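>>> sequence plus predicted model, see below.
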Amino acid sequence: MAKQDRAVRTRQELIRSAAETFLQGGFALASLNGISARSGVSTGALHFHFRSKRELGQAVEEKAASTLRQLLTAASRGGSPSLARLAETSQRLADLLVDDVVLRAGFCLGVDATWHSESLLWEIWRDWVRSVLVRARHEGRLAVDVDLEDTVFAVTAAVVGFEVLGRRDAAWSSPRVLDGYWQIMLPRLSGKPPGQAVPGPCPATAPAPRKPPTVVVKPAGSSSHG
């Protein structure tokens, strides 16, 4: 059992290190030797778990997709009105993208021209956004003059775009940025004037943007075997 647990930990460490490497320089420039060195896992152990860089990329994307689906499944069970749920969930996703390097790398792979994805995360997000907006329309919470598909594209592009911009400038990852977006969008989507109460995310209280987590590179000599 201890050996099995160690193998699971080794695999997870390799996935995390691959995610950090893909974020740093893209999929094409990543190397198995570099991922091995970053993780502190020997190349022999790496090849035991993954036969190729593509397998590692698929593992990163699958784990990221699983995390995203868990978030969206939990959000779908929530009791908030549909438009409020959409805004709240986008903020939770933004927070997760700051904290979870594998989720962040999964979205990054989706816009990497050298990666051919089988499960684009932004498509998962887009489909969920559409389902929430359809429900909002059925509930009568979406203004009659708001085009549903135009809104799907706008919300999908905004949230994914903030993540892309946040890779270079942490200010784009600030909760205030997304909160400001919804302060503009929610009155338009609901058809209510800005002066009226429109359900949305709680105003951000952080005075400064959150900084992306520091990536720690382990010494190559600290190898472990799984």
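Structure received. Source: prediction; values computed, not measured.

>>> so who does residue 100 touch?
Counting by C-beta atoms under 8 Å, 6 or more residues apart in numbering, residue 100 touches 64, 67. All C-beta atoms are positioned from the backbone trio N, CA, C, and that covers glycine.

>>> check the gap between it and residue 84 for me.
Per C-beta to C-beta, to the nearest Å, residue 100 is found 24 Å from residue 84.

>>> again with residue 114
For residue 114, the distance to residue 84 - C-beta to C-beta - is 39 Å.

>>> next: residue 61.
Taken as C-beta to C-beta, the span from residue 61 to residue 84 is 30 Å.

>>> neighbour-wise, which of those two wins?
The neighbour count for residue 61 versus residue 84, taken as other C-beta atoms under 10 Å, is higher for residue 61 (25 against 20).

>>> excluding chain neighbours, what is closest to that one?
residue 106 (5.1 Å; C-beta to C-beta, 6 or more residues apart in numbering).

>>> would you confirm that the one you found contacts residue 64?
Yes: at 2.4 Å, residue 106 and residue 64 qualify as touching, with contact defined as C-beta atoms under 8 Å.

>>> residue ranges with poor pLDDT in this structure?
Judged by pLDDT under 70, the chain has its weakly predicted residues at 1, 193-226.

>>> quick one, helices of it?
Assigned by DSSP state H, the chain shows helices spanning 2-25, 32-39, 43-49, 53-76, 82-99, 101-110, 121-139, 148-166, 175-190.

>>> determine which stretch of the ones you listed is the most buried.
A comparison of the helices of the chain by mean neighbour count, using mean count of other C-beta atoms under 10 Å, puts helix 101-110 on top with a mean of 24.

>>> give the contact list for residue 82.
Residue 82 touches 132, 133, 135, 136, 139, 141, 142, counting by C-beta under 8 Å, 6+ apart.

>>> and the gap between the third one and residue 153?
Counting by C-beta to C-beta, the gap between residue 135 and residue 153 amounts to 18 Å.
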